[in-house]
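Trainee: model this:
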Amino acid sequence: MASVGPLGDGKNEVKEINTKRQSSVSQCSQNEHHFHKVGVPPRQKLFKEFASTLKETFFADDPLRPFKDQPQSRKLVLGIQAIFPILEWGRSYDLKKFKGDVIAGLTIASLCIPQDIGYAKLANLDPQYGLYSSFVPPLIYALMGSSRDIAIGPVAVVSLLLGTLLQSEIDPTKNPVEYRRLAFTATFFAGITQATLGFFRLGFLIDFLSHAAIVGFMGGAAITIALQQLKGFLGITKFTKKTDIISVMQSVWGSVHHGWNWQTIVIGASFLGFLLFAKYIGKKNKKFFWVPAIAPLISVILATFFVYITHAEKHGVQIVKNIEKGINPPSVKEIYFTGDYLLKGFRIGIVAGMVALTEAIAIGRTFAAMKDYQLDGNKEMVALGTMNIVGSMTSCYVATGSFSRSAVNYMAGCHTAVSNIIMSFVVFLTLLFITPLFKYTPNAILAAIIISAVIGLIDYDAAILIWKIDKLDFVACLGAFLGVVFVSVEIGLLIAVAISFAKILLQVTRPRTAILGKIPQTAVYRNIQQYPDAMKVPGILIVRVDSAIYFSNSNYIKERILRWLRDEEEQLKAAYLPQIKFLLAEMSPVTDIDTSGIHALEELYKSLQKRDIQLVLANPGPVVIDKLHSSGFANLIGEDRIFLNVAEAVSSCSPKLVEEA
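Mentor: I've put the predicted structure just below:
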C-alpha cells in the first residue's frame, strides 16, 4: 500500500497537467463569473435616435442653449442678438474700447486704401470698386459678425481668382460693362452660397479643404499674384492674360528690349525696398506695428507727388488716372438674374465664395484662439454671405477677411468690430473727397504694395512642419502649389480639393490595423511596433482596428486581419511553436459599424472556423455592441466570446499564461 500512494499521486498530476493544456487551447475558461459582461445600451426609439444624430451633426455647439427656460420676450431679444451680435456686446461698450477701435480703424484704413486700388486691378475692375468693397461690406459685418478682430475688404487671392474666372468668360477690355455685371452676379451668388451654408449649418463642409492644401494654394497664389504685378512693376504695356509662371515669364522676357520702362522700375524697386524695410521693422519690434501699416499710404503719397511734379507719365510711367468720385452706386439692376451669364455667375460665385469663406473662417478662428473667445462659424458664414449679397447690390465685388489687415487690426489694439466701422468711414471720406488726388498714382507703387503684401502668404515654416508631420499632407500642399503656379488658380484649387478628398478616402478605405502584445509586468496590451518589448501571447493573435467599419473598408479590414493571421502562422510554423487558436479583435477604436461591416465579421468568423480558430471580441463600444446584438452576430460567436477588455479576454482564453505570469 505504501507504493500505491505515490503512483496514484503521479497519475493525478499527469491528469491535471493534461487538463490545463487542453483548457489553454480550447474553449474559454469556465470561470466566467470572474469577468465583466459587456453592457448593451438600452434601445432608443427610431425618432429619438435620428434626432440625436441630427443634433450632433448640425447643432453640436448647442446654439439654442441660451433660449432654454427663458420667457417669450427674452427669447425674442436673444433671437435678435443672435442675428445682430452688436446689440449684445454694444451694451458694455465704453470709451476705452472706442479709443482702441478708433486707432485700429485708422491704421487699417491707411493700409486698405492703397491695397484696395491694387486688388481691384487684380480683379480687372476699375480702382473705385476696390474702395466700394471696403465701404459697405465692413458696415454689414460689424452688425452681424461675431469676430472682434477680422478686418473686412477685398483680398489678393480672391481678387485674382475672381479676375481669372471672369476673364475666361468675358474680355474686360472689350466688354467692360458686361464684365462688371458678371462680377456683381458672381458676388451675389458668392454671398448666397455663404449665407446658405451658415443658415443650414453646413459649415463643416469647408473643413474638407485641408490645412496643408490651403497652405499650398495660398503660397502658389502669392507667387502668381506677385508675377502678375510685373506688368505694372516693369511698365510693360502688352502682357499675357494667362497666370501660369511659364506664360508670364515668356511675356516678361519677350518685352525686355522694347517693353520695360526704367523710370517705372526705379519707382517700383525703391518703394518695394521701403515697404519691405518697414515690414522688417514691424517684425523686429512689436511696438512699431504701425510702421508697416502706414508705409503703403506713405508710399502712395510720395510716389504720386513725385510723378505729379516730374510729369513722369509723359515718359512712359503708367498711372492710375481717374478714380470715380462718390460713394457706391446701386447695382441691383446690373446683376444677371436671367440669360446665359446667370449660370456662369452662379458657378464662379460658388468657387469664389467658398475660397473667401475658408480664408475668413481660418483668420477668425486664429485670432479668436489668441484672445480666448468662441467664434460661431455658422454665424460668421451668414454675416459674410449677407454682406456680399448687399455688396453685390451696391457695386462691390467679393469681400472677406484679410489676414494682413486683421493682423494689423489685432496689433493696433482693436476691441470690437467698431474698428471696421471706423475704417469704412475713412473709406467713405476718401470716396467723397480724396479720390481725385490718386490720379497721378503710378501703377508701379500699387504693384510694389501688392508684392509686399502677398509675400506673407508664403508660409515656409508651415510647409516644413507639414513635411515633418505628414508626407501625404505635404503631397497635397505641393500639388496645390504647383497647380496654381504652373497651370492656373482654378486648377490649383481643384487639385487642392481633389487631394484633400483623396486623402479622406484613403484614410476611410484603408484604415490602420495593428498587432498587440502584452507590456511586461502589466495587464496592458499595446502595438508591438510602438512597444518592441511587448510580448505576443502564445496561441492568441490580438489585432486592433483603428477605424469605424463601414462598407468602404469592411472588405479590406477582413482581408488585412487574415493577412496578419497568415503571416503569424508562417512565423510560428518556421519556429516550431504552437499555432494560433484564438483571434482576438480589440474593438475600442471602432466607433461604428454598418451592415457591410457586420457581414465582413461574419465572413471572418467562417474563415476562422475552417482553420479551427475562435474569434473573440474585446471592448466594443455602445453603438457597435448594440448593432452586433441586433444583427444576431453576438449570438453567432457566443456572448461568452465578447469581453470588457483585452486582459480579461486573454485571461479567459489562455489561463495557463495568466498562471505563469
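Trainee: How far off centre is stretch 138-151?
Mentor: Its chain's C-alpha centre and that of stretch 138-151 lie 21 Å apart, by C-alpha atoms, centre = their mean, to the nearest Å.
Trainee: ok, Arg365 touching Tyr373?
Mentor: No: with contacts defined as C-beta atoms under 8 Å, Arg365 does not count as touching Tyr373, sitting 10.8 Å away. Every C-beta, even on glycine, is put in place using the N, C-alpha and C of the backbone.
Trainee: count of neighbours near the nearest residue to Phe239 once chain neighbours are set aside?
Mentor: Among residues not flanking Phe239 along the chain, Lys231 sits closest, at 4.2 Å (C-beta to C-beta, 6 or more residues apart in numbering). Using other C-beta atoms under 10 Å, Lys231 is surrounded by 23 other residues.
Trainee: and what of Asp546?
Mentor: There are 13 residues near Asp546, going by other C-beta under 10 Å.
Trainee: Check His258 too.
Mentor: Number of residues near His258 (other C-beta under 10 Å) recorded here: 9.
Trainee: So it lies in a helix, does it not?
Mentor: No: secondary structure assignment (DSSP: H, G, I helix; E, B strand; the rest coil) places His258 in coil, not in a helix.
Trainee: Between Arg365 and Tyr373, tell me which one has more neighbours.
Mentor: When neighbours are counted by other C-beta under 10 Å, Arg365 comes out ahead of the other of Arg365 and Tyr373, with 15 against 12.
Trainee: so where does the more buried one fall, helix or strand?
Mentor: Assessed by DSSP states H and E, Arg365 sits inside helix 340-371.
Trainee: and that helix, how far out from the chain's middle?
Mentor: Centroid separation between helix 340-371 and its chain, computed with C-alpha atoms, centre = their mean, is 12 Å.
Trainee: go on, stretch 524-540?
Mentor: Its chain's average C-alpha position is 37 Å from that of stretch 524-540, according to C-alpha atoms, centre = their mean.
Trainee: for stretch 493-503, same thing?
Mentor: So, by C-alpha atoms, centre = their mean, the centroid of stretch 493-503 is 12 Å from its chain's centroid.
Trainee: and if you look at stretch 504-521?
Mentor: Taking C-alpha atoms, centre = their mean, one finds stretch 504-521 lying 26 Å from the centre of the chain it belongs to.
Trainee: now do stretch 240-250
Mentor: Remark: stretch 240-250 is offset 29 Å from the chain centroid, using C-alpha atoms, centre = their mean.
Trainee: buried residues in that stretch?
Mentor: By neighbour count on 16 or more other C-beta atoms under 10 Å, the buried set for stretch 240-250 is 240, 243-245, 247-248.
Trainee: Got the phi and psi for Arg526?
Mentor: Backbone torsions for Arg526, taken as degrees, to the nearest 10, come to phi -140, psi 170.
Trainee: before we move on, what about Val485?
Mentor: Dihedral angles (degrees, to the nearest 10) for Val485: phi -70, psi -40.
Trainee: Give me the spatial nearest neighbour of it, chain neighbours excluded.
Mentor: Excluding its sequence neighbours, the residue lying closest to Val485 (C-beta to C-beta, 6+ apart) is Gly220, at 4.7 Å.
Trainee: Quick check: that neighbour touching Gly479?
Mentor: No: in this structure Gly220 lies outside contact range of Gly479 using C-beta under 8 Å: 9.8 Å.
Trainee: more crowded one of those two?
Mentor: More crowded of Gly220 and Gly479, by other C-beta under 10 Å: Gly220, with 30 against 22.
Trainee: After the strand or helix carrying that one, which helix or strand is next?
Mentor: Gly220 is part of helix 211-228 when elements are defined by DSSP H and E. As assigned by DSSP H and E, the chain's next helix or strand after helix 211-228 is helix 230-234.
Trainee: can I get the CA coordinates of that next one in CSV?
Mentor: Coordinates of each C-alpha in helix 230-234 appear next as CSV, following Å, rounded to 0.1, in the frame of the first residue of the first chain:
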residue,chain,number,x,y,z
LEU,A,230,5.5,92.5,-63.0
LYS,A,231,3.4,94.2,-65.7
GLY,A,232,3.0,97.3,-63.5
PHE,A,233,6.3,97.0,-61.8
LEU,A,234,8.3,96.9,-65.1
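Trainee: contacting residues around that helix?
Mentor: Under the criterion C-beta atoms under 8 Å, 6 or more residues apart in numbering, residues 121, 236, 239, 248, 252, 259-261, 264-265, 268-269, 272, 318, 443-444, 446-448, 451 lie in contact with helix 230-234.
Trainee: What is the burial count for Val408?
Mentor: 25.
Trainee: Apologies, that question was intended for Pro71.
Mentor: For Pro71, the count of nearby residues is 8 (other C-beta under 10 Å).
Trainee: what do you get for the one 4 residues further on?
Mentor: Taking other C-beta under 10 Å as the criterion, the count of residues near Lys75 is 14.
Trainee: what's the answer for the one 4 residues further on, then?
Mentor: By other C-beta under 10 Å, the residues close to Gly79 number 12.
Trainee: how far away is it from Gln70?
Mentor: 10 Å (C-beta to C-beta, to the nearest Å).
Trainee: One more: Val291?
Mentor: From Val291 to Gln70 the distance is 49 Å (C-beta to C-beta).
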